[in-house]
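Trainee: Return a 3D structure for these sequence lines:
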Amino acid sequence: MCGGEGTRLRPLTFERPKPCIPIVNRPSIEHLVAHLSNMGFRDIVITLGYLGTAIEEALGDGSLSGTTITYVREKTKLGTAGSVKNAQKYLEGQDFLVVGGDHVTDLNVLEFYRAHITGKAAVSIGLISIDDPGEYGIAEIDVSYDIKRFKEKPAPGEIFSNLASTGMYVCSPAVFDYIPKGKKFDFARDLFPHMMEEGYSLKGWLARGNWTDVGSPHSLRQAERWKLAEMASTTINGDLSMRGAHVQGPVELGDAITLGRNSRIIGPVAIGAGTTIGDSVLIGPYTTIGEKCILRNNVKIFSSSLYNRVIVGTNTTISGSIIDIDTHVGANCSIENDTVIGPRVVLRDTVVVHSKTRLWPEVVVAEGTVVKEHVLNEKYDLRCEGS
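Mentor: Residues are numbered from 1 along each chain as shown. Modelled structure (predicted):
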């Protein structure tokens, strides 16, 4: 399911759909499709909505991942269950796995599918224990994994379980009888309560491992941290020019990278092709830098994501932040933790950006400014709540 606008991730989703946000320099959906393929799921149907063409361009026909991909478009927003109903002709005749296109996970979904077949339920819901379940659907199960109650986004006093729905489901074709055609209809809010009222068995599956739906900048950084932690060795894909620098792996380096004198990279780190790194630069663990970036002398970057063609000026420090394409950060700046900076932003010299701040595309921040709140651009939608 790849229909949402990703408003909670703005400014990163004005020009790309959520599944195409880079994680370790690849669209996140590429990681998901590769995982599904490795689990044995080779026939994939993708429902497209907002900026869906970008997803088609990223994945093609699926052959590079050993899959066959069919695309189904939504003319209007149909909700989670409605979008699956829209693809019914490709799913009938067998039980099928439903996964959100923005999921990043290493869960054993093949085990999930087999447990569903054994349990003979109409629907099985992947459940995972989390610390703050208030933003998810939660379920109460018994010792046989039968779901006794299900509540979408419970309020305080209604949180009877910390088993949150992952948004991963295995469904029998019977679900199509309860999803109206051409109308907005959701799995958790509409379909599951209705089927339980009709006496259908819904079962839970207790997931073990890493999962996030990349619904916020924090979860996006967490997902990238997981993927970087999977790196087991150092890979150099082409030419590397070093002058007295130090690299401690694991790192993944693209072609034509220049690493200046006395600079240090402490992995896990991924750096895209054509990036130039100046002298005495320190790049700390869990950092990704895109293609054709320029980091000038004495830059420090810790646990951050820089997308393609970002320029960072001398003596600037970036910590735990995300910086989108073609942004220019001046000299002597400080970008604090959990900041999100959109594409083509210009920060003049000696700018300080406070933690948890977002800067909309194409804004220009004057020299010496201390940014304490979101900096918006009225050329773009100003909302950052919702899907």
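
Trainee: Could you use CA atoms for every contact and neighbour count after this?
Mentor: Will do.

Trainee: gap between stretch 125-139 and the chain center?
Mentor: Put simply, stretch 125-139 sits 18 Å off its chain's centre (Cα atoms, centre = their mean, to the nearest Å).

Trainee: So which bits of it are buried?
Mentor: 125-129, 133-134, 136-139 (16 or more other Cα atoms under 10 Å).

Trainee: Check stretch 84-92 too.
Mentor: Here stretch 84-92 shows 84-87, 91 as buried, counting by 16+ other Cα under 10 Å.

Trainee: can you pull out the helices in the stretch 151-300 of the chain?
Mentor: Using DSSP state H, counting those that start in this stretch, the helices of the stretch 151-300 of the chain run over 192-197, 217-229.

Trainee: Packing partners of the longest one?
Mentor: This points to helix 217-229. Applying 3 or more Cα pairs under 8 Å, 6 or more residues apart in numbering; DSSP states H and E, we find helix 217-229 packed against strand 22-23.

Trainee: And the strand it packs on, what does it pack against?
Mentor: Going by 3+ Cα pairs under 8 Å, 6+ apart, strand 22-23 lies up against helix 217-229.

Trainee: circling back: tell me the two of the buried residues of stretch 84-92 that are most distant?
Mentor: Spatially, the most separated pair among the buried residues of stretch 84-92 is Asn86 and Leu91, at 10.0 Å (Cα to Cα).

Trainee: For the helix-or-strand element of the chain with minimal mean pLDDT, give me every contacting residue.
Mentor: Lowest by mean pLDDT, DSSP states H and E among the helices and strands of the chain is strand 147-152, with a mean of 85. Here strand 147-152 makes contact (Cα atoms under 8 Å, 6 or more residues apart in numbering) with 136-142, 188-189, 192-193, 201-204.

Trainee: neighbouring strands for it, and are they parallel or not?
Mentor: Using DSSP bridges, strand 147-152 pairs in its sheet with strand 137-141 (antiparallel).

Trainee: what about dumping the CA coordinates of the strand it pairs with to PDB?
Mentor: What follows is strand 137-141 as a C-alpha-only set of coordinates in PDB (Å, rounded to 0.1, in the frame of the first residue of the first chain):
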ATOM      1  CA  GLY A 137      -4.300   0.200  16.700                       C
ATOM      2  CA  ILE A 138      -3.900  -2.100  19.700                       C
ATOM      3  CA  ALA A 139      -5.200  -5.700  20.300                       C
ATOM      4  CA  GLU A 140      -6.000  -7.900  23.200                       C
ATOM      5  CA  ILE A 141      -5.400 -11.600  22.500                       C
END
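
Trainee: relative to strand 147-152, how tilted is the longest strand along the chain?
Mentor: Longest strand in the chain by number of residues (criterion: DSSP state E): strand 163-171. On the basis of axes from the mean of the first three to the mean of the last three Cα atoms, to 10 degrees, strand 163-171 is oriented at 110 degrees to strand 147-152.

Trainee: List of residues touching strand 163-171?
Mentor: So strand 163-171 is contacted by 95-100, 112-113, 116, 122-130, 133, 136-140, 211-213 (Cα under 8 Å, 6+ apart).
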